[in-house]
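> What would the 3D arrangement of this be:
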Amino acid sequence: MPSERLDAPQAWEIARAMVDGFNRHYSLFRLESARAKHRFETRDWHGQQRAQRERIEFYDLRVLECVRRLNKEFDAASLPMALWHQVKLHYIGLLVEHRQPELAETFFNSVTTKILHRTHFHNDFIFVRPAVSTDYLEDHARDARPSYRAYYPQAQSLRETLRRIVEDFDLQCPFEDLERDMALVHSALAPRIAAFTLRANFQIQVLASLFYRNKGAYLVGKVINGYAELPFALPILHAEDARLYIDAMLFGEDDLLALFSFARAYFMVDMDVPSACVQFLRSLMPRKPVAELYNAIGLAKQGKTLFYREFLSHLKHSSDQLRIAPGIKGTVMLVFDLPSFPYVFKLIKDRFAPQKETTRAQVQSKYLLVKHHDRVGRMADTLEYSLVALPRERFSDELMAELLAEAPSQIELSERDGREEVIIRHLYIERRMVPLNLHLKELLDAGIERPEVGAQLERVVIEYGKALKDLVAANIFPGDMLWKNFGVTRGGRVVFYDYDEIEYLTDCRFRAVPEPRTEEEALSGEVWYPVGPRDVFPETFAPFLLGHPAVRDIFLRHHGELLTPEYWQAHQERIRQGHLYDVFPYGVERRFDTHRVAV
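Next up, the predicted model:
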């Protein structure tokens, strides 16, 4: 066991340098997040999306900066393990009064695992579990800005209180008609609290920063009355004349889960004490994993840390085996899951089917594209890990054989503490969804002549078409549009999750199928016309997607334009002209009647 003595002055200097590296990271992260308010006020939509993309890279850049500094100033890679143990203890001491200790611990892990060999990745040298509590952190941190504001309306002043809540955010552009909007919000809220017997603690709590994403700002809070709590969010948008309006009022956990979905881009939000913000959000969405809440507010590395801790805990308290995931096997990705855990694990195969003209690097670039892009609620977020060590006994023999056959370069068998481990060099992890092709098969097998089954079939086919249209709005062409590449979430939303053929819409060439020039061409079973690498013929989608007459009928009634090149070309042109489409995280029926079309 390493010595508990702190007798190496160099250890404190290294710990201090690492804290400095993290502080630099978080100050830059927070500054960029705070600037989202100005970008929203000035309608700098492209700047907002650019900042959302670039901020994702901040963490890795600061980690590399810190690694370079430690190697240059301390020759860190050659230091003995006993000294690294002292570094960790000093680091813990420096976090006692820190406002982001959980993030700083993760930063420490990121730096040390780039310096040390993986055999040293255990409790003595990294934070496998948190050492500094974040409970009540903002209450004891000196000069910490409160994470939320509390307002205490009387029944007769609720509308005035709502107005004050909005005005306290001090947005530097006028509202189109704030009185009208407050009347609409009051009308939406009043019936929901009419049944309240007003208690002494009747209050409204709102998070102190607006949540910015793309062209919207979201005010997030809850109404509290005794033991009753009502989560809500107010989307604030710009009208065509640049003035502001409140577009809807979202209520309850389901609405908030859709707003903070894993299939949407990360928010920009200014936070002094992130853990306090997450604790507030968890009170609104108790079913949402804490890891996903950190992801949603842009702290994806912390989300990865918490997810992995949760997974290791689940392995300890479960006994089922990892298996090949149900469904059609992929030609590029090998997918497996643990039946008792709601995620799937994906790794890139060493060899692809002949029709897949791609490489490992190209597939990784596609996943990176999705990570940086606006996912508009239609593309699943992925967690990416390297050197994942899992116990061999948790792998089914069938899965182990598949891994060694399809991706041997990604698999290493090792032994630690007398137990065999499987080390996976590179891995993606996604939320598990029901594959859309399996969901459709279940409905069709159940008999669509039954009204309830027919209604479900109509809903899911309409949802599939909406998913394609939302991807188009985000300048994304999915490439392979087969049902098997889409999943259905627990809320019934259709989400795309297979990214190896994804392209920017504007990089594709949408064409009509040429008229045959001869009888031989007309009767040919082969493609007789020239096809470029990014040529797309929407007319040809139907035979692959709409084989069942009922599915075909629903699709053509609601989304037939997707089978025409003109639809895709028109959207391409608008995107090339700089237009950003609106994709709302709530249904059109939730929007107030007096809304304006956002631009």
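
> Output the longest strand belonging to the protein.
Criterion DSSP state E: the longest strand present in the chain is strand 419-431.

> could you dump that one to PDB, C-alpha only?
This file holds the C-alpha atoms of strand 419-431, laid out as PDB (Å, rounded to 0.1, in the frame of the first residue of the first chain):
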ATOM      1  CA  ARG A 419      -9.600 -12.800 -12.800                       C
ATOM      2  CA  GLU A 420      -9.700 -12.800 -16.600                       C
ATOM      3  CA  GLU A 421     -10.700  -9.500 -18.200                       C
ATOM      4  CA  VAL A 422     -11.700  -8.500 -21.700                       C
ATOM      5  CA  ILE A 423     -10.200  -5.100 -22.700                       C
ATOM      6  CA  ILE A 424     -12.000  -3.400 -25.500                       C
ATOM      7  CA  ARG A 425      -9.800  -0.700 -27.200                       C
ATOM      8  CA  HIS A 426     -12.600   1.500 -28.500                       C
ATOM      9  CA  LEU A 427     -16.300   1.400 -27.700                       C
ATOM     10  CA  TYR A 428     -19.500   3.500 -28.300                       C
ATOM     11  CA  ILE A 429     -22.400   3.300 -25.900                       C
ATOM     12  CA  GLU A 430     -26.000   4.400 -26.700                       C
ATOM     13  CA  ARG A 431     -29.400   4.400 -25.000                       C
END
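
> Look at stretch 210-227 and report the distance between its end residues.
Chord length of stretch 210-227, first to last residue, is 26 Å (CA to CA, to the nearest Å).

> May I see the buried residues of it?
Residues of stretch 210-227 classed as buried under the neighbour-count rule (16 or more other CB atoms under 10 Å) are 210-225. Any C-beta I mention is one placed from the backbone N, CA and C, and that applies to glycine too.

> Filter these down to the ones in strands?
Short answer: the buried residues of stretch 210-227 in strands (DSSP E) are 211-213, 216-225.

> about what we covered before: ok, residues contacting the longest strand of the chain?
With CB atoms under 8 Å, 6 or more residues apart in numbering as the test, strand 419-431 has contacts from 262, 307, 333, 342-348, 367, 380-393, 395, 400, 403, 409-415, 489, 497.

> just to revisit the earlier point, TSV for the ones in strands among the buried residues of stretch 210-227, including pLDDT?
Shown next, in TSV, are those (pLDDT from 0 to 100):
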residue	pLDDT
Phe211	98
Tyr212	97
Arg213	95
Gly216	95
Ala217	97
Tyr218	98
Leu219	98
Val220	98
Gly221	98
Lys222	97
Val223	94
Ile224	92
Asn225	86
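
> For those residues, give me JSON lines that also has distance to Thr564.
Formatted as JSON lines, these follow (distance: CB to CB, whole Å):
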{"residue": "Phe211", "distance to Thr564": "37"}
{"residue": "Tyr212", "distance to Thr564": "36"}
{"residue": "Arg213", "distance to Thr564": "31"}
{"residue": "Gly216", "distance to Thr564": "31"}
{"residue": "Ala217", "distance to Thr564": "36"}
{"residue": "Tyr218", "distance to Thr564": "35"}
{"residue": "Leu219", "distance to Thr564": "40"}
{"residue": "Val220", "distance to Thr564": "40"}
{"residue": "Gly221", "distance to Thr564": "44"}
{"residue": "Lys222", "distance to Thr564": "46"}
{"residue": "Val223", "distance to Thr564": "47"}
{"residue": "Ile224", "distance to Thr564": "52"}
{"residue": "Asn225", "distance to Thr564": "53"}
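
> Which single one of those residues is nearest to Tyr148?
Gly221 (7.3 Å; CB to CB).

> which one is that closest one nearest to, not counting chain neighbours?
Distances taken as CB to CB, 6 or more residues apart in numbering place Val206 nearest to Gly221, at 3.3 Å, with adjacent residues excluded.

> Do you know the pLDDT at that neighbour?
pLDDT for Val206: 98.

> That one: helix or strand, and which one exactly?
In the assignment (DSSP states H and E), Val206 maps to strand 203-207.

> can you give me the end-to-end distance of stretch 575-584?
18 Å.

> Likewise for stretch 316-325?
21 Å.

> Same check on stretch 401-412?
13 Å.

> That one: which residues count as buried?
Across stretch 401-412, burial judged by 16+ other CB under 10 Å covers 402-403, 406-407, 410-411.

> Mind checking which of those are in helices?
402-403, 406 (DSSP state H).

> Go through these and say which is closest to Val19.
Nearest to Val19 among those, with distances taken as CB to CB, is Leu403, at 39.8 Å.

> do you know how far the nearest residue to the closest one once chain neighbours are set aside is from Phe336?
Nearest non-adjacent residue to Leu403, counting by CB to CB, 6+ apart: Ile411, 5.2 Å away. Distance of Ile411 to Phe336, given as CB to CB, to the nearest Å: 12 Å.
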